[in-house]
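**Student:** Model the structure of this input:
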Amino acid sequence: MPRFYFDYFDRGIEATHDTEGTDLKDANAALEEASAALGEMTKEVLRHAEPERILQIRVRDQDDQPVGVCSVLFTANLVGPDN
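**Tutor:** As a prediction, this is how the structure comes out:
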């Protein structure tokens with residue numbers, strides 16, 4: 001079973017570089033795993049509202065080659081006559 005690595009980025013800066021990896025069936029399974037992890041990460045990070053936040057997980061294979069990227073762009077803007 002191939003091994004995949006998940007590197008976490010917050011605001012374009014690498015927050016976590018995965019050195020252990022996870023054995024998964026294939027690249028599609030790796031992107032599904034990244035997507036689920038990004039959803040959980042988003043819930044935690046966005047508890048502290050900011051006008052804009054970009055979160056990302058980049059997936060690499062066992063040969064250190066890019067497999068895919070999952071990203072979330074969050075924006076929060078006030079609307080109304082006083083803003």
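**Student:** what's the neighbour count on the nearest residue to Leu55 once chain neighbours are set aside?
**Tutor:** Among residues not flanking Leu55 along the chain, Val72 sits closest, at 4.7 Å (CB to CB, 6 or more residues apart in numbering). Quick note: C-beta positions are derived from backbone N, CA and C, even for glycine. If you count neighbours by other CB atoms under 10 Å, Val72 ends up with 16.
**Student:** Enumerate the positions of the host helix or strand of Val72 that are buried.
**Tutor:** With elements taken from DSSP states H and E, the one containing Val72 is strand 66-75. For strand 66-75, burial by neighbour count (16 or more other CB atoms under 10 Å) applies to Val67, Gly68, Cys70, Val72.
**Student:** From the rest of the structure, what touches the helix or strand hosting Ala29?
**Tutor:** In the assignment (DSSP H and E), Ala29 maps to helix 27-45. Helix 27-45 is contacted from outside by 4, 6, 8, 10, 22, 24, 53, 55-57, 59, 61, 67-68, 70-72, 74, using CB atoms under 8 Å, 6 or more residues apart in numbering.
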